[in-house]
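Trainee: sequence plus predicted model, see below.
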Amino acid sequence: MPWRQRLLLYLYGTPHIVGSSLAIVGLALYFLGFIKSFWFPIVAGLYVAGVLLTPQSLERHIRLSREATVDEIRRALEHLLKTLKGDVASTVYQHVGSIVSSIRMVLPRLKEAQVADHISYTIREMALTYLPETLENYLRLPRGYIRCATARPPDKSW
């Protein structure tokens, strides 16, 4: 991934935005007279604290560039399963495992020249974007809601 693209991803990322917001708060405190001396280290420290304390998203750890090789996609899927192991209910983990297994079965075909570009694109997007984003949104739900949603309701046949 080119350095310019990495820089843009960082600048638009949540850690940078949180750090910048805290630095602006520090500058406001300086201009309002609450901070008299050492304002620059305080503002820089607020920025660094914002960057370091902002949780990294699951997507950032898993998403690869569009030029990812089949082996990189396979490693990303394995990392995804390892990351989810203790964070989701067993039924959710089994469903994700089934999806990952299906993607793995198709991955070797990406190396073949006869696979159409749109099929290759769809498989890559499923592995690198759709699945990680869906799981990230799922993990953002409140834990109580997740427990209620994954619990099986009693079977009521009418």
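Mentor: Great, that's in hand. Numbers count the residues shown, from 1 in each chain.

Trainee: tell me the pLDDT of residue 29.
Mentor: Residue 29 is assigned 94 on the pLDDT scale.

Trainee: list the residues that contact it.
Mentor: Contacts of residue 29 were listed using Cβ atoms under 8 Å, 6 or more residues apart in numbering, and they are 35, 42. Glycine gets a C-beta too; all of them are placed from N, C-alpha and C.

Trainee: off-centre distance for the helix or strand hosting residue 139?
Mentor: Residue 139 belongs to helix 131-140 when assigned by DSSP states H and E. Its chain's C-alpha centre and that of helix 131-140 lie 8 Å apart, by Cα atoms, centre = their mean, to the nearest Å.

Trainee: show me what it is packed against.
Mentor: helix 58-62, helix 70-84, helix 90-110 (3 or more Cβ pairs under 8 Å, 6 or more residues apart in numbering; DSSP states H and E).

Trainee: closest one to residue 144 among these?
Mentor: For these, proximity to residue 144 was assessed by Cβ to Cβ; helix 90-110 is nearest, at 15.4 Å.

Trainee: what mean pLDDT would you report for the helix holding residue 139?
Mentor: Per-residue scores along helix 131-140 average to 84.

Trainee: care to break this structure down by domain?
Mentor: Domains of the chain are assigned by automatic domain parsing as 3-53, 58-150.

Trainee: lowest mean pLDDT across these, which one is that?
Mentor: Lowest mean pLDDT within the domains of the chain: domain 58-150, a mean of 77.

Trainee: before we move on, the earlier item: mean neighbour count and distance to residue 51 added to the helices and strands packed on helix 131-140, as JSON lines?
Mentor: JSON lines is the format used below for those (neighbours: other Cβ atoms under 10 Å; distance: least, Cβ to Cβ, whole Å):
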{"stretch": "helix 58-62", "mean neighbour count": "16", "distance to residue 51": "13"}
{"stretch": "helix 70-84", "mean neighbour count": "16", "distance to residue 51": "22"}
{"stretch": "helix 90-110", "mean neighbour count": "14", "distance to residue 51": "30"}
